[in-house]
Every structure is written in structure tokens, then in C-alpha cells.
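>>> Predicted model and sequence below, questions to follow.
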Amino acid sequence: MLKTNYHCHSIFSDGNDTIEEIIKEAITQKLEAIGISDHAPLKIDCECNMPLSKFNKYINEIEQLKQKYNQIKIYKGLEIDWLEDKQNLDYINLEKLDYSIGSIHFMKVAKDTYKPVDYKKEFQIETVKDYFDGDFNKYILKYLDDIKKMITDNSPTIIGHIDLYKKFNKGETLFKEDTPQMLEKIEEILEIAKTKNIAIELNTGGISRGYIDEPYPSIKILQMCYYRGINTIISSDAHNKKHLTAHFEIAEEMLKKVGYKKQLDLKQNIIPFFYK
Ligand SMILES: [Zn+2]
Ligand SMILES: [Zn+2]
């Protein structure tokens with residue numbers, strides 16, 4: 001299978017390494033292609049995201065490194081958050097990008113109040129208690145609704161960690177995963193993804209960071225993607241170059257088990273993407 005990674009973070013957002021260090025590591029690990037996908041600047045304050053003032057430098061730096069290292073394909077990406085009522089991204093020059101990952105990390109829970117999904121376990125429990133009557137099912141359905149809205153209005157190249165809400169749910173200690181209601185909502189998302197040719201990533205980041213034992217998404221959801229002929233792509237969501245291809249063997253095994261013969265090849269699938 002093609003060895004690539006289109007989901008990694010550098011010091012431009014919340015990663016540990018420079019873009020050049022990541023590229024060098026990708027060459028050492030003999031990757032065919034590497035995509036840098038730092039967190040896009042947002043309209044809410046968050047230290048994990050790239051400040052808008054650094055965006056041009058980010059693009060220029062990747063372009064320069066593309067010239068310097070021609071033994072590997074290098075792509076300019078961003079992991080872009082969709083924020084309810086703050087979706088407008090006209091402050092970023094998206095035309096400079098080769099691709100995008102559309103993700104939900106924050107949910108609007110009340111007027112001008114946004115809560116992170118994947119910050120800390122206690123924090124997630126508190127959000128569910130304070131804004132969703134302690135009902136994880138309600139919380140997850142809202143998260144999935146946001147993903148649905150994100151891809152209805154926009155066309156990211158790839159949907160990031162579609163079931164990120166399970167990050168702190170190892171052993172299903174907080175809630176039951178893949179309930180009929182959740183799967184029904186995911187089905188609606190996949191129908192839209194299929195029509196718009198949006199890929200789903202198989203993201204090993206939660207394993208590398210010790211939270212869960214399986215990638216995002218679960219095998220159940222991956223099967224649903226396969227039945228619909230949706231492209232998938234293995235990524236590590238690396239925030240440290242040591243994790244650039246961490247646990248790819250688990251992801252590859254899962255793809256094969258489900259029936260996938262290949263994963264998305266970005267160079268043959270530079271899909272026109274758009275954000276409103
Ligand atoms: Zn993410
Ligand atoms: Zn990420």
C-alpha cells in the first residue's frame with residue numbers, strides 16, 4: 001500500500017517539530033508523499049491553532065521546502081475547523097492550499113460559548129453534564145450534526161477523525177459507541193461525502209497518544225465507508241515526527257479486513273475543494 005501521510009502538525013500550530021524536520025523524517029521513512037496540515041487560524045482564541053499572522057510564512061516555507069526536497073511529494077494542507085456561527089473563512093487565502101482536512105474540535109453549546117471535544121476527559125464529562133443533560137448520546141449527535149453541516153456547506157478533501165468524541169471512551173466506560181442513532185447520523189454524513197467525493201481518514205493519532213486502541217473511525221464505520229465506495233486514507237495526525245507513521249500497520253490491517261485494496265492517492269485526486 002502507498003505509504004503517505006497527509007495529517008501532521010508542525011510548530012506553526014501545536015506540533016513539536018519544524019516543517020523541515022518532518023519532511024526529513026518522511027524521507028528517512030521512505031514515504032512517497034507528505035502533507036503538512038497545521039490547525040487553521042480560527043475566530044475563537046485557541047493556542048493550538050496557527051495565528052493568522054503566520055499563514056503566509058507557513059505557505060512560503062512549504063513552497064521553499066518543496067524546491068529543496070524533490071525526492072518526496074510535498075503538499076500544502078490545513079486542518080480546518082468548522083465552527084457554528086463562525087464558519088466564514090474569508091480571512092484565509094485557501095487558494096494557496098493543495099488540500100484540506102475538515103474537522104470538528106469545538107462545539108457551540110450556548111450563545112458565544114464553544115467547548116473543545118478532545119481537550120481532557122474531565123472537561124468532556126463536564127460539558128456533557130452542563131449542556132447536554134449528562135447525555136452523551138445527545139452530545140455525540142450534535143457533534144455529528146456539525147460534521148454534516150460542515151460538509152453540506154463545504155467540501156474538504158478529507159473528513160478528519162469522524163468519531164473523535166470517543167477519545168476518552170476506552171473500554172466504552174463513558175458511553176456505548178456506534179449505537180443505531182449514531183450510525184444513522186453517520187450514514188447521512190457518508191451519503192453526502194459520497195456525492196461530493198470527500199474522503200474519510202483512518203487516523204491513528206489516538207493510539208499514538210495512548211488514549212484508545214483503535215483508529216478513528218471504528219471498523220463498523222469503516223465498513224459503512226467501504227460499502228458506499230468512499231475513499232479512505234491512512235494518517236497519523238502526528239504532533240511529533242516520531243509518530244509520523246505510528247500504528248499504520250493496525251490501520252492497514254483494518255482496511256484489508258474491510259475489503260479496501262488501496263487508499264486515496266492525493267496526487268491523482270486533487271479534488272477541487274471549497275469553503276464558504
Ligand atoms: Zn484534529
Ligand atoms: Zn490533527
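Good, I have the coordinates. Numbering: from 1, shown residues only. Ligands and ions are numbered 1, 2, ... in the order given.
>>> so where's the stretch 151-276 of the chain uncertain?
269-273, 275-276 (pLDDT under 70).
>>> Name the residues of it found near ligand 1, please.
For the stretch 151-276 of the chain, the residues in contact with ligand 1 (Cβ under 5 Å from the ion) are G160. (Glycine included, C-beta is placed from N, CA and C.)
>>> Pick out the residue of the stretch 151-276 of the chain closest to ligand 1.
Closest to ligand 1 within the stretch 151-276 of the chain is G160: 4.9 Å, counting by Cβ to the ion.
>>> could you measure that residue against G77, distance?
11 Å (Cβ to Cβ, to the nearest Å).
>>> joint contacts of the two?
I101 (Cβ atoms under 8 Å, 6 or more residues apart in numbering).
>>> Tell me the spacing between the residue of the stretch 151-276 of the chain closest to ligand 1 and S100.
Taking Cβ to Cβ, one finds G160 at 9 Å from S100.
>>> shared neighbours, these two?
Between them, G160 and S100 share the contacting residues E79, judged by Cβ under 8 Å, 6+ apart.
>>> What segments of the stretch 51-200 of the chain are helices?
55-68, 121-131, 136-153, 180-196 (DSSP state H, counting those that start in this stretch).
>>> Let me have those in JSON lines, extended by mean neighbour count.
Listed next are the helices of the stretch 51-200 of the chain as JSON lines, based on neighbours: other Cβ atoms under 10 Å:
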{"stretch": "helix 55-68", "mean neighbour count": "15"}
{"stretch": "helix 121-131", "mean neighbour count": "15"}
{"stretch": "helix 136-153", "mean neighbour count": "18"}
{"stretch": "helix 180-196", "mean neighbour count": "16"}
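>>> Which among the ones you listed is found nearest to L255?
Nearest to L255 among those is helix 180-196 (16.2 Å), distances taken as Cβ to Cβ.
>>> So what touches that closest one?
Residues contacting helix 180-196 (Cβ under 8 Å, 6+ apart): 137, 140-141, 144-145, 147-148, 151-152, 155, 159, 162-163, 198-200, 220-221, 224-225, 228-230.
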